[in-house]
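1. no sequence for this one, just the structure:
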């Protein structure tokens, strides 16, 4: 998956925010190479062709990876990643805000697969809203 011109992309946080970010990036044609989380049980929940990295395994990629932190209280974790030597660390809200300013990529994909992914994205959004895990309306408002 590695591209010599682009850094690897890793979403840190496999909760509702991380999953939402994954599908948003997918809509814009941006591949996510890795998911990472301190909770190793989430390894079973990776999406698409992404791979799972534990918190400890992340340090192996600090020179060639962009980490997008998709958790609510991201500041402390982003600071930790910066201290570990990661050059590109960003939060999900800033990435989503920038995505909102551009049009999604027109990538030829199998329509059945795309519909399945969009259905799953809607299901995740509904779960997140109704479970109280994340308030997407607040996230959308933040993206304003």
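-> Noted; the coordinates are in hand. Computed from a predicted model, the values in this text were never measured in an experiment.
2. host element of residue 52?
-> strand 51-54 (DSSP states H and E).
3. what pairs with that strand, and is each one parallel or antiparallel?
-> strand 34-37 (parallel) (DSSP bridges).
4. for the strand it pairs with, what is the average pLDDT?
-> For strand 34-37, mean pLDDT rounds to 91.
5. re earlier: so after the strand holding residue 52, what's the next helix or strand?
-> Remark: after strand 51-54, the chain's next helix or strand is strand 65-69, criterion DSSP H and E.
6. tell me the mean pLDDT over that next one?
-> 93.
7. Just want the angle from the next helix or strand after it to strand 65-69.
-> Downstream of strand 65-69, the first helix or strand assigned by DSSP H and E is helix 74-84. Between the axes of helix 74-84 and strand 65-69, defined by axes from the mean of the first three to the mean of the last three CA atoms, to 10 degrees, the angle is 160 degrees.
8. Show me which positions of helix 74-84 end up buried.
-> Within helix 74-84, the residues scored as buried using 16 or more other CB atoms under 10 Å are 74, 77-78, 81. From N, CA and C alone the C-beta is placed, and that goes for glycine too.
9. One more: stretch 38-54?
-> Using 16+ other CB under 10 Å as the test for burial, stretch 38-54 gives 42, 46-47, 50, 52-53.
10. Closest to residue 36 out of those residues?
-> residue 53 (4.3 Å; CB to CB).
11. Surely residue 22 touches residue 47?
-> Yes: counting by CB atoms under 8 Å, residue 22 touches residue 47, with 5.6 Å between them.
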